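Novice: Return atomic coordinates for the entry below.
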Amino acid sequence: MSTAARVPDTYELEGDDAVETLRETGLRALVRNGFVRFRYADGFSHSRALAFQLMLVVIPALIAIVGLATLLGQQNLTDVLTQTMRDLAPGPASDLLTQSLQQGSSSAHEDAETALLIGGVAALISAATAMGQIERGANRIYGVERDRPALAKYGVATILALTAGLATSAAFILLVPGSALGDALTDVTGWSSTLDTLWSIGRWPLGAALVAAAVGLLFKVSPRRHQPAFSWLAFGSTLSVLLWFAFTGLLTLYLGASKEFGETYGPLAGVIGLLLWAFLTALALFLGLAIAAQLEAVRAGQPEPLAGRSSDAGVHGDSA
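Specialist: Model prediction:
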């Protein structure tokens, strides 16, 4: 089976080197070879696996939030979440999420501590597993054959879940259902028009900053190798962010405008819609990572993305 070529570790690279390497390589050639690297690293399979793990985070996280709201006596938070999901998700997707919230709310009112504990633990385990899948996909893209030892791998994954994972979740809430969330907050809490205006404007730069920081952290920490400075990862991470915005926007427009989608999948349309979003999110992440890896490979003098087609001289073994 073909695999992506190993990207040699590079050190003391300056930001100007990244710009110069990109200029010399050419954007078209870099993107083309980056996609070849992605494909031979089995990027589509890793994206599907990550999408599945992301789906496992959603429902327990919602239950944990409802449990926390119940413990704090904030019924308004549950109402805001329910209305936001109803306004945001089209058709069956809305039904799926609001039913999950209602079920979680019923369970939380009976035993809020248990709902918070079980939902929180399940969401954290699922999120850590998702981060572990990101490491596996990142390693294959860089040509690293082995992941970190299990204890180290999932220790790092848990830290990433609590940092990059939470930042990504916050960015998603701000950017995707942000408008619907603002409307729900206005309806439920009756906050002022000034706060509504500040929310409408401020959520965009804040959300963009959060998702950029999260993607940059994942690029820097996930692979089991010495990663270059952020300036060398900036182009790939920016591409990931732009692709995520584009994929999310196009999918939202499609689901909102297409009656055939709901008619084709019926009650499963909500699940399929969420799976599509999770897959496109994973795809954007790994494609950007492949571009970053290919840019570094060019600078290291081994631009061939397919293993076995260039000399392996200078390629390091696995780093701890």
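Novice: use CA for all of it now, contacts and neighbours both
Specialist: Noted.
Novice: mean confidence score for the helix or strand harbouring Gly137?
Specialist: Assigned by DSSP states H and E, Gly137 belongs to helix 112-141. In this model, helix 112-141 carries a mean pLDDT of 91.
Novice: swap in stretch 24-33?
Specialist: The average pLDDT within stretch 24-33 is 93.
Novice: Show me which parts of it are buried, residue by residue.
Specialist: Applying a neighbour-count criterion of 16 or more other CA atoms under 10 Å, one finds Thr25, Leu30, Val31, Asn33 buried in stretch 24-33.
Novice: can you confirm the last one is in a helix?
Specialist: So that's Asn33. Yes - assigned with DSSP: H, G, I helix; E, B strand; the rest coil, Asn33 falls within a helix.
Novice: Hmm, it is touching Pro305, no?
Specialist: Yes - using CA atoms under 8 Å, Asn33 makes contact with Pro305 at a distance of 6.3 Å.
Novice: shared neighbours of these two, which are they?
Specialist: In terms of CA atoms under 8 Å, 6 or more residues apart in numbering, Asn33 and Pro305 are both contacted by the residues Gln294.
Novice: where along this structure do the helices fall?
Specialist: Per DSSP state H, the chain carries helices over the ranges 15-25, 27-40, 43-71, 75-88, 92-110, 112-141, 150-160, 166-175, 178-189, 193-221, 230-257, 259-265, 269-299.
Novice: Check which helices and strands the second one is in contact with.
Specialist: When you say that, I think you mean helix 27-40. Using 3 or more CA pairs under 8 Å, 6 or more residues apart in numbering; DSSP states H and E as the contact criterion, the elements in contact with helix 27-40 are helix 269-299.
Novice: how far does the helix it packs on sit from the chain's center?
Specialist: Going by CA atoms, centre = their mean, to the nearest Å, the spacing between the C-alpha centre of helix 269-299 and its chain's C-alpha centre is 8 Å.
Novice: That helix versus helix 193-221: what angle between them?
Specialist: In terms of direction (axes from the mean of the first three to the mean of the last three CA atoms, to 10 degrees), helix 269-299 departs from helix 193-221 by 50 degrees.
Novice: Report the mean confidence score over helix 269-299.
Specialist: Summarised as a single mean, pLDDT over helix 269-299 is 88.
Novice: counting contacts, what elements does that helix pack onto?
Specialist: Using 3+ CA pairs under 8 Å, 6+ apart as the contact criterion, the neighbours of helix 269-299 among helices and strands are helix 15-25, helix 27-40, helix 43-71, helix 92-110, helix 112-141, helix 230-257, helix 259-265.
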